[in-house]
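Chemist: below are the sequence and a predicted model; questions follow.
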Amino acid sequence: MVYLKYGLIFFSALLLSIGLVPVCAFFSKKLGILDQPDDKLKKHARAVPYFGGVAIYLAFFITLVIYQLYTFHTLKGITGIILAGSLAFALGLADDIKKLSIPFKFCVQILAAILLAIFGIKIQFMSSEILNIAVTILWVVGITNAFNLLDIMDGLSSGVAIIASLTFFVLGLDAGKLFSPLAALALAGSCLGFLYYNYAPAKIFMGDAGSLFIGIMLAALSLTESYTYKNNLAVLTPVFILGIPIFDTFFVMWMRAKQGKPVYFGSPDHFPLRMKRSGMTVRQVVTAIYFAAAAFAVVAYTGTKMSLLRAGIMYTFVCMFSMLAALKLSRMR
């Protein structure tokens, strides 16, 4: 019966997303809100509609809200993610329609992170409450922007989000949680329905509305888990689950710093774009990154079952391998 409930949540979000994406693409074309190629960073053959993020957002929340109201007759318990997620979504949608200033976007993201903390979705393992909230804001804003930065290739961001969501689902089940596994499945289903249309060659893009929304939802999901009591290093579990967007963000920051340029401008320095320039096709690059994301997920999950020493050795090895990979990627022109 429990697995029937999980299946219902996942497939409801999936089918809603599949049905909503063409509708959103239609309105995007009708309103002229399209991603135009520019022969620099945007090298797709033709203008591609945005608003894929609208479908992801609607499929996720319609599924979750209906389930919550039908089961508990109240939205209590999901109010925080509704408010924070909607704020991030609205920010991204506004940015898709008319580009917003970077300081304004950061201010709104900080507000969304504060909303999560107000409703109890925050880091809680430090002794100082002020420090807990400060690190929560840093984490939420960081992951939100990391997913925004990662959305630079057909099928990439949504596929990585699916793998991360399913990992949070498994960890939530292990911990005996009620809400977080359901939310994780709803997010995975919503992203999978979108991926059907977004896999190369993409028929629609998620836009900032989608990438900012997915980023803040994954950041929120990572804060709802209690990962393990076996070792204190399990606090690093979400860092490895979200290892791909974190790796890409730090890689771009490093490359841009070497060039003396700010990280927040469009850049060809993302590691997936470097892999593509080495001769790989978009599908080959995305598939390779899916495997890397899955490997990070296995490391994250396995680390919650190990002793402190074994987890420390494994994490150290993975970090060293990641640094070597970054060094090799940095040498690609």
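Modeler: Perfect, I can see it now.

Chemist: number of residues surrounding Gly312?
Modeler: Other residues within reach of Gly312, judged by other C-beta atoms under 10 Å, total 16. Placement of C-beta: from N, CA and C, glycine included.

Chemist: so what's it closest to, chain neighbours aside?
Modeler: In space, and not counting its chain neighbours, Gly312 is closest to Leu233: 5.9 Å by C-beta to C-beta, 6 or more residues apart in numbering.

Chemist: wait, the one you found sits on Ile313?
Modeler: No. Leu233 is beyond contact range of Ile313, at 10.3 Å (criterion: C-beta atoms under 8 Å).

Chemist: between these two, point out the one with more neighbours.
Modeler: Between Leu233 and Ile313, counted using other C-beta under 10 Å, the more crowded position is Leu233 (20 against 12).

Chemist: hang on, the earlier thing: please report how far the residue nearest to Gly312 lies from Met314.
Modeler: 9 Å (C-beta to C-beta, to the nearest Å).

Chemist: pull the CA atoms of stretch 151-171 into CSV?
Modeler: C-alpha atoms of stretch 151-171 as CSV (Å, rounded to 0.1, in the frame of the first residue of the first chain):
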residue,chain,number,x,y,z
ASP,A,151,21.5,24.5,-17.2
ILE,A,152,23.7,24.9,-20.3
MET,A,153,23.0,21.7,-22.3
ASP,A,154,20.0,19.8,-23.5
GLY,A,155,18.8,17.3,-20.8
LEU,A,156,21.6,18.1,-18.4
SER,A,157,20.1,19.9,-15.5
SER,A,158,16.8,18.0,-15.4
GLY,A,159,18.6,14.6,-15.6
VAL,A,160,20.9,15.4,-12.8
ALA,A,161,18.0,16.7,-10.8
ILE,A,162,16.1,13.4,-11.3
ILE,A,163,19.1,11.4,-10.0
ALA,A,164,19.5,13.7,-6.9
SER,A,165,15.8,13.5,-6.2
LEU,A,166,15.7,9.7,-6.3
THR,A,167,18.7,9.6,-4.0
PHE,A,168,16.9,11.9,-1.5
PHE,A,169,13.8,9.6,-1.8
VAL,A,170,15.9,6.5,-0.9
LEU,A,171,17.5,8.3,2.1
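
Chemist: distance between that stretch and the chain's centre?
Modeler: Distance, stretch centre to chain centre, for stretch 151-171: 6 Å (C-alpha atoms, centre = their mean, to the nearest Å).

Chemist: what ranges do the helices span in the chain?
Modeler: Listed in chain order, the helices of the chain (DSSP state H) span residues 2-31, 52-72, 79-97, 102-118, 129-150, 156-174, 179-198, 207-223, 237-241, 243-259, 271-277, 282-303, 308-330.
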